[in-house]
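> got a structure for you, letters missing:
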């Protein structure tokens, strides 16, 4: 049974800087939910939150959403079924990243590995490269890409806030 707070709808009005607000609850969101922050979600402590943030805004792990009552909720990236891709050489890993990007597959890029959502088509693309693929459950935070205008600074107020 949720606390009484679960039946009170809070509305997210903006994204705030880390540490600026008292965190009321935690929203555990997957990659798609963080990419298109719309709809209603329930926090781990039962707070119901209406997400109606500006189009194109992408939430990141550790973001704070400011609610209409002045409190905030913290965004935590939900672990997902991802491929951990590793290669013996940086050049092979770079080729793998290029191939995935060329097919418009979102990729999280690290110095020694790539991470992407696991799909049969992605596994098929990588199968002919000299890489090792391992399925794991982990948060997924891909690169923003050329068309992500909010990749570096997405602290914008929602309309009417």
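Received, thanks. Keep in mind that what you see is a predicted model, and the values were worked out from it rather than measured.
> In the chain, which residue is most central in space?
The residue lying closest to the centre of the chain (CA atoms, centre = their mean) is residue 31, at 3.9 Å.
> in the helix or strand residue 101 falls within, what's buried?
Assigned by DSSP states H and E, residue 101 belongs to helix 90-102. Neighbour-count burial for helix 90-102, counted by 16 or more other CB atoms under 10 Å, picks out 93, 95, 96, 97, 99, 100. Glycine gets a C-beta too; all of them are placed from N, C-alpha and C.
> got the contact list for the closest residue to the fifth one other than its chain neighbours?
For residue 99, ignoring the flanking residues on the chain, the nearest one in space by CB to CB, 6 or more residues apart in numbering is residue 125 at 5.8 Å. Neighbouring residues of residue 125 by CB atoms under 8 Å, 6 or more residues apart in numbering: 99, 100, 103, 105.
> count of neighbours near the residue nearest to residue 47 when sequence neighbours are not counted?
Nearest in space to residue 47, with sequence neighbours left out and distances taken as CB to CB, 6+ apart, is residue 25 at 3.9 Å. By other CB atoms under 10 Å, 22 other residues sit near residue 25.
> hang on, residue 25 packs against residue 48?
No - using CB atoms under 8 Å, residue 25 makes no contact with residue 48, being 9.5 Å away.
> what does stretch 86-102 contact?
85, 107, 109, 112-114, 116, 122, 125-126, 129-132, 134.
> tell me the mean pLDDT over that stretch?
Here stretch 86-102 scores 96 as its mean pLDDT.
> Point to the helix or strand of the chain where mean pLDDT is at its lowest.
The weakest-scoring helix or strand in the chain, judged by mean pLDDT, DSSP states H and E, is strand 9-16 (a mean of 85).
> before we move on, which element is residue 27 in?
Using DSSP H and E, the element containing residue 27 is strand 23-29.
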